[in-house]
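**Q** Provided below for reference: sequence and predicted model.
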Amino acid sequence: SQQGEEDPQALSIQEGENATMNCSYKTSINNLQWYRQNSGRGLVHLILIRSNEREKHSGRLRVTLDTSKKSSSLLITASRAADTASYFCATSGGSYIPTFGRGTSLIVHP
Amino acid sequence: KAGVTQTPRYLIKTRGQQVTLSCSPISGHRSVSWYQQTPGQGLQFLFEYFSETQRNKGNFPGRFSGRQFSNSRSEMNVSTLELGDSALYLCASSNKGGEEQFFGPGTRLTVL
């Protein structure tokens, strides 16, 4: 069964707009990671946030983590057409094996 | 450093056959994990190997097996293929369990 669940399932925006996607999970975690996957290819690691962190930035990416609500959000600012991809959150708990959600499909229109 | 490589990239098999997929991790990475990705089930964890030992295992039938060699290269084998085994099989390597994983491009398996 999936641990993380992304929301929304699909998101369509114009270039230059911000994209926000959310991830909710059920059990306690050690860390939460976000990955990107371009159509049918391997996943690319974007950012890792640990359970004792609340916010992290990497370039145009901003990730927040609220362990009391068991949720995380990924914000992509000033989206580009090249950001079109599926985005997955992955949670790691005691087993240290990341468990992936079903992903958010993002389309950025030029 | 070279990235994670997977061979073959594409594979077509028929029901009942068996298949072996190969994964070469990033140099120095000792953990190799395998995932199955399908439109219906999403990304599902198969197993993880660390220093030639299976350290974690997902909820897949015994037809799915794997191994890791002393150079950290890993193979997974699926015996008695079923139509439902059609999927993208992804391999990922990492320095440390639970941390950032580096994924290969995947092997697209089609079972006819």
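**A** Happy to help now that I have it. Numbering: from 1, shown residues only, chains lettered A, B, ... in the order given.
**Q** who does the closest residue in space to residue B:55 that isn't next to it in sequence bridge with?
**A** By the measure of Cβ to Cβ, 6 or more residues apart in numbering or on different chains, the closest residue to residue B:55 outside its immediate chain neighbours is residue B:48, 5.1 Å from it. C-beta: built from backbone N, CA, C; applies to glycine. Listed beta-bridge partners, residue B:48: residue B:33, residue B:56 (assigned using DSSP bridges).
**Q** what about residue B:48, how many neighbours?
**A** The number of residues packed near residue B:48 is 27, by other Cβ atoms under 10 Å in any protein chain shown.
**Q** quickly find the element holding residue A:6.
**A** strand A:5-7 (DSSP states H and E).
**Q** immediately after that strand, which helix or strand?
**A** Beyond strand A:5-7 on the C-terminal side, the first helix or strand identified by DSSP H and E is strand A:10-14.
**Q** after that next one, next one along is what?
**A** strand A:19-24.
**Q** pull up the pairing partners for that following strand, direction included.
**A** strand A:5-7 (antiparallel), strand A:71-76 (antiparallel).
**Q** deepest in the core, which of those strands is it.
**A** strand A:71-76 (a mean of 20; mean count of other Cβ atoms under 10 Å in any protein chain shown).
**Q** where in chain A is pLDDT low?
**A** Screening chain A residue by residue with the criterion pLDDT under 70, one finds the ranges A:1-3, A:95-96.
**Q** and the strands in it?
**A** Taking DSSP state E, the strands of chain A run over residues A:5-7, A:10-14, A:19-24, A:31-37, A:43-50, A:55-58, A:61-66, A:71-76, A:85-92, A:99-100, A:104-109.
**Q** give the buried residues for the last one.
**A** Think strand A:104-109. By 16 or more other Cβ atoms under 10 Å in any protein chain shown, the buried positions in strand A:104-109 come out as A:104-106, A:108.
**Q** with distance to chain B added, can I get the residues you listed in CSV?
**A** Listed next are these as CSV, based on distance: Cβ to the nearest Cβ, whole Å:
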residue, distance to chain B
A:104, 12
A:105, 11
A:106, 16
A:108, 22
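**Q** these: which two are farthest apart?
**A** With distance counted by Cβ to Cβ, no two of the buried residues of strand A:104-109 lie farther apart than A:104 and A:108, which are 12.5 Å apart.
**Q** quick revisit: got a list of contacts for the strand holding residue A:6?
**A** Defining contact as Cβ atoms under 8 Å, 6 or more residues apart in numbering or on different chains, one finds that strand A:5-7 is touched by A:21-25, A:87-89, A:101-104.
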